[in-house]
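[1] no sequence on hand, only this structure:
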């Protein structure tokens, strides 16, 4: 009998909670469509367009060293990079970390750059990679632009979590206000990418304090990085108020109302916005242990409240 | 709190509600109009059983001239004949109409031993049932055309005194038509049944008190004619799947301008069940042939469900069905096209309500439509084979780092080679169902394989496998639903049903509920109590 009662209570709790926990249907209909006008999606999908907006709004971003927007531009870009160290080549419309080339030190004797594994990256190979990106090989479209950024040197706390790749802080924002946040840590399994569904690891960060409280890997709670062994809980993120402020400013620099803003913390420059996502995933609910509905309600009830949707493009679906 | 409400609510609830109501009302209105004003019947949507009957004749011609004569079924109010074809090398078929009968004669010269004639017809029979007014008197005169149905025949001894005595004894010599027929029917039905195949005339059946179908039927006819009701013998088959030699006889009586059926053998009074096939009228012999040819025959009967011919005849508003017939486009194409939106709706249900990942919204429905040619099992197998082969090719091509369009063109080539190869292998191994994989739309398979490969590289083997399994599961579900004949005919007759599919999609398009799979994904959060503070 008590088993039955327990099951009934559990189902009651479940029915009561399912309005608060956001599934994909609810996220799209309640958050994405009313707040993000489809014609503004390119601002999130095209990293270069986003960077232009951020630069105009004074949002700090990694330095753009070069833009390659056609085959004709490839030789010029390669020449401009010759002699420079530590940069990253990215497709403007790439997804899931595809097509990203990381170059290390310039080796004058070899006439090339050091790659992540120690191998040599020749200017010829770099030119070829740029051409591939320009032809859309890494973006599933007919053409794309490549851009080159200076490499971010992660703050010591992030570097300690995972040395071989970049950890970022994902901040979900609604109309410019942070709603939930987590750190995404790459693993060897995820191939250096921070995406959770590719095997990355999520660490919940308390919005108010910037302290990490819990971590999830493949849906299971963990306390240490499964590969590096680095402790994940009880960390105090450096420059947390700045991180949130940068996320706010990035979110307000574009007309998109519901966003996942990815922030990295550079050792010298501090928080930089890496990219934004107009349809951020829902796994952050599991990582933080908070339902989006609860977080949004708390935000709406807070003294500062939530700004009204912007008239321009705010209500279109 | 106002802010919170705007935060959680959906935009334009009225617009959506009005759209839903308008779609449902338009569907209901159109359907009602068709049923009320155009005489559509919803019952006609249900498929009917079609029988394929083959006359399989065999004879030894000994090199001489041979004639074989028989009767072929004709279309009438009770049975619809179609797709008639004859296969008989060395014979010439001629057909003549003899009254209500279709007489077929095959003539062959220098016919060898072991010659075969095969004639196949498709039949959709219907059950019929008549009500005879209880007080209808026996008329004093009949139209001239029924005169023959009142006369005595060699084996239907209308004038015999024993017939008149029997009529008087069973009380069938007086009263209204209904009562006389009932008494005659019950009397003939009451004779002991005998399974013998020979011919029994009316008097012999009466004297022995036992008979097979033809004796009982002749006695019925003799008694009916003697009491002044025109009656005739009917020869035919009782349709059962399998192979049979036994034909059957029953009768028809002429009442108020209609020939009404009775089967005294199986006790069908003024009614016939669906499975009776009429071949000829009158006291005839089913097969006549040149003597000494060792003639043998067999009826081979198969059944399948087909759309009701009445649906096709009556669903004539914006007659797409008729249009396809005129354009010589196959019915299978029409139903495939019209069922695709239903398949897409099903896919939407699986994706947005169940949370099962698939390759796109249309792919499962398109695959299911394609599997119509191979069957669901072989269709799924074909998808697996092609996806495996083409993903391997894609992997090899990816190492060359080619551009997108040429890559796709190479994949298309891989699909074609795989399909033809599978067909050849299936043919070699004698797997008939799988040989038809070349009928699969090649582009659909190419897209399927490409999606699998992209998913494999971007999301890993787990996610790609899940999507592939999801696509196959939804494809099978679509196959079952899209191959429902009743649903197909419903959509053909009432295409406005597709508006309901649109309405369902509008509803699902506004549905914010959790997908079934998300209950599992967020089970930790769903179990949690009231919203607590920040962790």
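    That came in fine, so what should we check first? Bear in mind the structure is a predicted one, so any value in this text is a computation, not a measurement. Numbers count the residues shown, from 1 in each chain, chains lettered A, B, ... in the order given.

[2] tell me the SS of the residue in the stretch 101-250 of chain A that chain B sits nearest to?
    Scanning the stretch 101-250 of chain A for the residue nearest chain B gives residue A:213, at 4.6 Å (criterion: Cβ to the nearest Cβ). In this view, the C-beta of every residue, glycine as well, is placed from N, C-alpha and C. Using DSSP: H, G, I helix; E, B strand; the rest coil, the secondary structure recorded for residue A:213 is strand.

[3] quick check: it touching residue A:236?
    No - at 11.2 Å, residue A:213 does not count as touching residue A:236 under the criterion of Cβ atoms under 8 Å.

[4] give me every residue that touches the residue in the stretch 251-400 of chain B that chain A sits nearest to.
    Residue nearest to chain A within the stretch 251-400 of chain B: residue B:352 (6.0 Å; Cβ to the nearest Cβ). Residue B:352 makes contacts with A:25, B:508, B:511, B:515, as judged by Cβ atoms under 8 Å, 6 or more residues apart in numbering or on different chains.

[5] please repeat the previous calculation with a cut-off of 6 Å.
    Contact partners of residue B:352, counting by Cβ atoms under 6 Å, 6 or more residues apart in numbering or on different chains, are A:25, B:508.

[6] look at it and report its pLDDT.
    On pLDDT, residue B:352 comes in at 92.

[7] same deal with residue B:90?
    Residue B:90 is given a pLDDT of 86.

[8] with residue B:533 instead?
    If you check residue B:533, the pLDDT there is 38.

[9] ditto for residue A:313
    According to the prediction, residue A:313 has pLDDT 40.

[10] how about residues contacting the helix or strand hosting residue A:133?
    Residue A:133 belongs to helix A:123-134 when elements are defined using DSSP states H and E. Contact with helix A:123-134 is made by A:68, A:71, A:74, A:78, A:91, A:99, A:101, A:144, A:146, as judged by Cβ under 6 Å, 6+ apart.

[11] over to stretch B:218-233?
    Contact partners of stretch B:218-233, identified using Cβ under 6 Å, 6+ apart, comprise B:138, B:142, B:146, B:149-150, B:155-158, B:163, B:167, B:172-173, B:180, B:184, B:188, B:201-202, B:205-206, B:217, B:249, B:251-254, B:264, B:281-283.

[12] just to revisit the earlier point, more neighbours: which of residue A:213 and residue A:236?
    More crowded of residue A:213 and residue A:236, by other Cβ atoms under 10 Å in any protein chain shown: residue A:213, with 18 against 11.

[13] close enough to count as contact, that one and residue A:203?
    No - applying Cβ atoms under 6 Å, one finds residue A:213 not in contact with residue A:203, separated by 8.2 Å.

[14] in chain A, which residue is most central in space?
    In chain A, the residue lying closest to the centroid (Cα atoms, centre = their mean) is residue A:262, at 3.2 Å.

[15] tell me the helix or strand right after the helix or strand hosting that residue.
    Per DSSP H and E, residue A:262 falls inside strand A:258-266. Tracing the chain C-terminally past strand A:258-266 and defining elements by DSSP H and E, one meets strand A:270-277 next.

[16] after the helix or strand of chain B with the lowest mean pLDDT, next one along is what?
    Within chain B, confidence by mean pLDDT, DSSP states H and E is lowest for helix B:2-8 among all helices and strands, at a mean of 49. Downstream of helix B:2-8, the first helix or strand assigned by DSSP H and E is helix B:13-36.

[17] output the below-cut-off pLDDT ranges for the stretch 101-250 of chain A.
    Scanning the stretch 101-250 of chain A for pLDDT under 70 picks out the ranges A:140, A:192.

[18] can you check the stretch 1-150 of chain B too?
    The stretch 1-150 of chain B contains residues with pLDDT under 70 at B:1-9.

[19] likewise chain B?
    For chain B (pLDDT under 70), the answer is B:1-9, B:196-197, B:528-535.

[20] can you do 50?
    B:1-6, B:529-535 (pLDDT under 50).

[21] can you give the domain ranges for it?
    Domain segmentation of chain B under automatic domain parsing yields B:128-273, B:318-493.

[22] out of these, flag the one nearest residue B:25.
    With Cβ to Cβ as the measure, domain B:318-493 is the member of the domains of chain B nearest residue B:25 (18.7 Å).

[23] narrow the contacts of stretch B:218-233 to those in strands?
    B:249, B:251, B:252, B:253, B:254, B:281 (DSSP state E).

[24] report the beta-bridge partners for residue A:217.
    On the basis of DSSP bridges, residue A:217 is bridged to residue A:201, residue A:220.

[25] ok, it touching residue A:200?
    No - taking Cβ under 6 Å as the definition, residue A:217 is not a contact partner of residue A:200, at 8.2 Å.

[26] which one of the two has more residues nearby?
    More crowded of residue A:217 and residue A:200, by other Cβ under 10 Å: residue A:200, with 26 against 22.

[27] in contact with that one: list those residues for me.
    Residue A:200 touches A:184, A:186, A:190, A:194, counting by Cβ under 6 Å, 6+ apart.

[28] kindly report the same for residue B:239.
    Residue B:239 is in contact with B:51, B:275, B:277, B:301, counting by Cβ under 6 Å, 6+ apart.

[29] the nearest residue to residue A:231 once chain neighbours are set aside - how many residues pack around it?
    Leaving aside its sequence neighbours, residue A:231 sits nearest to residue A:224 (Cβ to Cβ, 6 or more residues apart in numbering or on different chains; 5.6 Å). Neighbour count of residue A:224, defined by other Cβ under 10 Å: 13.

[30] and the contacts of residue B:239, which are buried?
    Among the contacts of residue B:239, those buried by neighbour count (16 or more other Cβ atoms under 10 Å in any protein chain shown) are B:51, B:277, B:301.

[31] from residue B:438, how far off is the first one?
    From residue B:51 over to residue B:438 the distance is 31 Å, taken as Cβ to Cβ, to the nearest Å.

[32] then the second one?
    Relative to residue B:438, residue B:277 is positioned 38 Å away (criterion: Cβ to Cβ).

[33] what pLDDT does residue A:260 get?
    For residue A:260, the predicted pLDDT is 95.

[34] is it true that it touches residue A:277?
    Yes - applying Cβ under 6 Å, one finds residue A:260 in contact with residue A:277, separated by 4.1 Å.

[35] ok, those two, which is more surrounded?
    Here residue A:260 and residue A:277 are set side by side on neighbour count (other Cβ under 10 Å), and the busier one is residue A:260, at 23 against 17.

[36] got the contact list for the more buried one?
    So residue A:260 contacts A:170, A:172, A:277, A:280 (Cβ under 6 Å, 6+ apart).

[37] swap the cut-off to 10 Å and go again
    Contact partners of residue A:260, counting by Cβ atoms under 10 Å, 6 or more residues apart in numbering or on different chains, are A:44, A:170-173, A:179-182, A:247, A:251, A:275-281, A:284.

[38] okay but the residue nearest to residue A:231 is in contact with residue A:233, surely?
    Yes - judged on Cβ atoms under 10 Å, residue A:224 makes contact with residue A:233 at a distance of 8.7 Å.

[39] list residues touching both of the two?
    Contacts common to residue A:224 and residue A:233, judged by Cβ under 10 Å, 6+ apart, are residue A:215.
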